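Asker: A structural model of the following input is requested.
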Amino acid sequence: MMNDFRQSKITICSFLMLISSLSALAQQKESRNIELLLKPYNVTWDTPGPTSLESMPIGNGDVGLNVWAEPSGDIVFFTAKTDAWSEDNRGLYGLLKLGGMRLSLSPSPFKPGGHFLQTLKLHEGEIEISEGKKGKGAIIRIWVDANNPVIRVEVKSDHPVSAKFTLDNWRTTKNERIGADVILKDQINRIAWYHRNGENSDPEVLNRTFGAVIKGTGMISSGYSVLKSTQPATFHLISIYPLTATTTTGDKWVSQSKDQVSRLEKLSLAQSYKKHQQWWDQFWKRSWIYINGDQAAQDITHGYILQRFVTACAGRGGYPVKFNGSIFNVNHTKLKLDQEIKSVTADYRKWGGQYWFQNTRAMYWPRLMAGDFDVMMPFFNMYIAMIPANKAQIKKYYNHDGVYFAETAPFWGGLRYWGPEVQEDWTGHYFTPVLELSMMMLDYYKYTEDQEFAREKLLPVAKAGIIFFDQHFKRDESGKLLLDPVNSIEQFWKVYNPAPDIAGLHALLQQLIDLPDNIAEPSIKAPWRRLLQELPVLPVGVDTKSGDSILLPYSGQQTAKPRNRENPELYSIYPFRIYGLGKPNLKLAISTFNARKERFKGCWTQDPIQAALLGITSVAKEYTQFAFNLKDPELKFPAFWSAENDYQPDQDNGGNAENALQLMLMQCEGEKIMLLPAWPKEWSADFKLNAPFKTTVQGKIVRGKLTDLVVTPAERKKDVIDMSIQ
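Answerer: Got it, this is the predicted structure:
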């Protein structure tokens, strides 16, 4: 009996080992397939810089670099961090670089006119700069550890070279906006510096201190800002350790940085690099879209991949991605600003350090189908942190409860008084962001089924937003909520019953009421049901050209002057999705879209997203291709988008184009998964996207037809609708 038991135990263990081995082999095969799919989209340059305009991005979600090579052979990069907020937080120099850095090798392997190759290796999350062919010469590998706050610069050469690493600090003197950096002069075989916000700072950034420590193996100090190798070698390692902290003194920051360096120096370089590669491998496995067909297919695929990469490089830090440059803004010696030509440093960004909700959201809606849920959390957390202060100000100003978020605010929030008597303004009587944020959080819950998130994050935001609208506005003579005065986004100022807010309230309230009772108790749904019955209907009129019924941007016989280039009547299509494929009154929505007045392309326009949701394939394709070709003419990296209405490298352009492409391929409402709802028949593709209820949808498209469909979990396949055969 005992022998039989042992034999059974051995057999079970062997079987489990076999299963584990097969699983490992399958994962290795999947990783190899992902690598092969990505490789054609690596960015490769065969000529050096010469300036930051020709830089290439890399990052770990919090720390980012702009990397370029100079014709002299030096490798240069800027270092940035998502929480390096200066004392000019509300101004044009609100989010600073940590500094610039320069690697010089002697003798330089990069000769003028010689072989040069700089490659962004997407699958590995690194930049490789090489000299020579077939592995000969020198190779420099630059990567930002995906799991730790450290930058690694590795130099490998087939012959000994000397290395010099220099801190390039341009904030050497105080000016009217920001103070000077402090370079520590008591460091031994290391470089250390920081920027510290002083007494003229807002309380929220007072004493915020950010900088870094630089160390190199076999390198010694040569002055305060230079490290030099003690002797030529075939391998050099330079490590940069960034840190942001709010401390009572600069010395406290120095002490914390020493502790951080001591901890990180204990890490194995080989193991750290392996785990770094594993993170990026898992990232690329979350989702993908690779399109084949015409030139548009190639352009869109490359743009989609690179925009997702750039967002990942800056999207896991303390704060959301900045629409106006992210953390990859660069120096400009001849930047055209308001009809003037100016010279600005990489600390500068037009539209400043504050967050603009309408611009910031563009990078976050596409994260749902991409499966980049971790990238969404800084966005959510920033607004959740604003609630207490905003709630107190609303109580003070209006003597009622609830919360809204200003369209434009620093990361800690804050509101001004905007009573009905206050003069009209771009973003003054503008309360929509809390509704859209709540909708996005609802979708996050549906995709992840994270009940803790729903209770602890979604409900506090959505409940407070509903309370604000319920208590802030009066009712008309029929008992309906009268939103007055309210901006219809930035397009029409101080109108009543604007379409975006009405659409947002209808969509949000219905979905909140539909939440399961274990998430939202029945008792809190009663006022939601009451308010839903009190909402006015969306305003509808007649198109004077076609005679068709169309949605209007606001109610009644008002005549408001247009102020911007937006179509607020289309908010009921996106972002609030009241109208769309498979929903009532599709003709009304299509007629409204066709009658829209603003039709510009690129940047923050929502037209391709709305076109995809309505199944208008030709417009969705045209606008998406345009956006993914809108590279800034001054910047070399192909996904550093043109400033247009923002600042380069603009993030709205890429984010909205990502969103449109995903919706051309898949749309999800309730349990329905509609595939190819606005897909060009001439395109073939390989794809994997995320859907609600922890679902992934993977397959191929061959000449506009769906094949090789795999839905996980398998029972969700019954919910798939192939729109190409409708």
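Asker: strands along the stretch 501-650 of the chain, start to end?
Answerer: 540-542, 549-551 (DSSP state E, counting those that start in this stretch).
Asker: please apply the same query to the stretch 251-400 of the chain.
Answerer: All strands of the stretch 251-400 of the chain, identified by DSSP E, counting those that start in this stretch, fall at 288-292, 332-337, 340-344, 355-356.
Asker: ranking those strands by mean pLDDT, which is last?
Answerer: Mean pLDDT values for the strands of the stretch 251-400 of the chain show the minimum at strand 332-337, a mean of 85.
Asker: circling back to that earlier point, most neighbours per residue, which of the strands of the stretch 501-650 of the chain?
Answerer: Burial of these is given as mean neighbour count (mean count of other CB atoms under 10 Å); strand 549-551 ranks first at a mean of 21. In short, each C-beta sits where N, CA and C put it, glycine included.
Asker: what does it contact?
Answerer: Under the criterion CB atoms under 8 Å, 6 or more residues apart in numbering, residues 499, 538-543, 569-570, 572, 588-589, 591-592, 595 lie in contact with strand 549-551.
Asker: swap in stretch 245-258?
Answerer: Residues from elsewhere that reach stretch 245-258, judged by CB under 8 Å, 6+ apart: 182, 184, 192, 194, 196, 206-213, 241, 243.
Asker: between those, which sits nearest D281?
Answerer: Taking CB to CB as the measure, D281 sits nearest to Y241 out of those, at 25.0 Å.
Asker: okay, now that closest one: neighbour count?
Answerer: 24 (other CB atoms under 10 Å).
Asker: do K266 as well
Answerer: Counted by other CB under 10 Å, the residues lying close to K266 total 6.
Asker: ok, back up a step: got CSV for the strands of the stretch 251-400 of the chain, with distance to F628 and mean neighbour count too?
Answerer: Below are these laid out as CSV (distance: least, CB to CB, whole Å; neighbours: other CB atoms under 10 Å):
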stretch, distance to F628, mean neighbour count
strand 288-292, 11, 20
strand 332-337, 24, 14
strand 340-344, 27, 11
strand 355-356, 23, 24
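Asker: show me what contacts F431?
Answerer: 404, 468-469, 472, 486, 501.
Asker: would you map the strands across the stretch 1-150 of the chain?
Answerer: Counting by DSSP E, counting those that start in this stretch, the stretch 1-150 of the chain has strands at residues 43-45, 56-59, 63-69, 75-85, 95-106, 117-121, 126-130, 138-144.
Asker: L96 contacts T345, correct?
Answerer: No. If you go by CB atoms under 8 Å, L96 and T345 don't touch, sitting 9.3 Å apart.
Asker: where does pLDDT dip in this protein?
Answerer: Along the chain, the parts satisfying pLDDT under 70 run over 1-26, 132-135.
Asker: sorry, back to before: in a markdown table, list the strands of the stretch 1-150 of the chain along with mean neighbour count and distance to N690.
Answerer: Listed next are the strands of the stretch 1-150 of the chain as a markdown table, based on neighbours: other CB atoms under 10 Å; distance: least, CB to CB, whole Å:
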| stretch | mean neighbour count | distance to N690 |
| --- | --- | --- |
| strand 43-45 | 16 | 26 |
| strand 56-59 | 26 | 23 |
| strand 63-69 | 27 | 25 |
| strand 75-85 | 24 | 24 |
| strand 95-106 | 22 | 30 |
| strand 117-121 | 20 | 25 |
| strand 126-130 | 21 | 26 |
| strand 138-144 | 22 | 26 |
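Asker: before I go, just wanted to say thanks for your time.
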